[in-house]
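Asker: build the 3D model from these lines:
(one chain, ligands or ions: 1)
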Amino acid sequence: MTIDGKIADKTGSAARFSSASDLTHLETQLSQTDGVIFGASTLRAYGTSLSIRQEELLQWRQQQGKPPQPVQIVYSASGNLDPGARFFRQPFPRWLLTTQEGSHLWESEKHSGFDRIIISADSEAQNLSHLYDCGLKRLAIIGGGKLIASLLAEDLIDELWLTLCPWILGGVTAPTPVGGEGFLADTAKRFQLLSSQILGEEVFLHYRCVR
Ligand SMILES: NC(=O)c1ccc[n+]([C@@H]2O[C@H](COP(=O)([O-])OP(=O)(O)OC[C@H]3O[C@@H](n4cnc5c(N)ncnc54)[C@H](OP(=O)(O)O)[C@@H]3O)[C@@H](O)[C@H]2O)c1
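Answerer: Presented below is the predicted three-dimensional model:
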């Protein structure tokens, strides 16, 4: 995020303000997961997701007995996604978590871009529990703010990695790491700082949620 706490500009465009070091850091974190979750608006903004490409990370996954790529899981209640997006041609497994209505859009042969379609349960805890039962034990949630807010609201996030980038985007409508309705001060989610590192002009922060 930028130093004024924005994860995109006010138009909700893709965030391209972090350095190559941050992308390497992100790829390293993602390589340790079984699945990567993101909201539909994030996919609409980028049209792609990040695959694991570094040879040593691919080798590490192989040594751990993991498939080459984590599963990419899109959360989209509406199912309203562009089937022509490059995401659907990227080399990783794709799952969709959606509603009954949203699933109908992807059941035809024409739109068979997903390897698995999961109908969203009543709570985010149930959704994550289902993914766990499908073999996805370690998950990364890469945004956006709306999805992260709904997972935080149910205390489902254990760790937070945040990179501060030396930009200011401003604007009250620009998305932040946590959207939603917000928490009151006395119910704020609390975190413990585990590590901080300065690399170039960016600050890499790692927190653990305190429950
Ligand atoms: N700087 C960064 O690192 C970073 C990272 C990620 C994203 N971003 C930025 O963040 C912005 C998007 O964030 P956002 O907060 O607006 O949206 P978002 O969280 O990416 O997506 C929200 C959408 O996700 C779907 N969704 C969320 N929870 C769901 C659930 N439980 N079940 C089914 N679907 C669910 C809904 O999709 P439907 O509308 O289809 O129903 C909802 O409208 C973009 O501008 C992007 O560039 C920045």
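Asker: longest single helix anywhere in this structure?
Answerer: In terms of residue count, the longest helix belonging to the chain (DSSP state H) is helix 20-31.
Asker: and the very next helix or strand once past it, how far out from the chain middle?
Answerer: Once the chain leaves helix 20-31, the next helix or strand it forms, by DSSP states H and E, is strand 35-39. Averaging C-alpha positions (C-alpha atoms, centre = their mean, to the nearest Å) puts strand 35-39 4 Å from its chain's average.
Asker: which elements pack onto the helix or strand following strand 35-39?
Answerer: Using DSSP H and E, the helix or strand that follows strand 35-39 towards the C-terminus is helix 40-46. With contacts taken as 3 or more C-beta pairs under 8 Å, 6 or more residues apart in numbering; DSSP states H and E, helix 40-46 sits against strand 71-75. The way it works is simple: take the backbone N, C-alpha and C, and place the C-beta from them, glycine included.
Asker: what about the strand it packs on, distance to the chain center?
Answerer: 8 Å.
Asker: can you tell me what sits against it?
Answerer: The contact list for strand 71-75 (C-beta atoms under 8 Å, 6 or more residues apart in numbering) reads 34-40, 43, 49, 81, 87, 90, 92-98, 114-115, 120, 131, 136, 147.
Asker: how about that strand and the ligand, touching?
Answerer: Yes - contact of strand 71-75 with the ligand (C-beta under 6 Å from any ligand atom) involves Tyr75.
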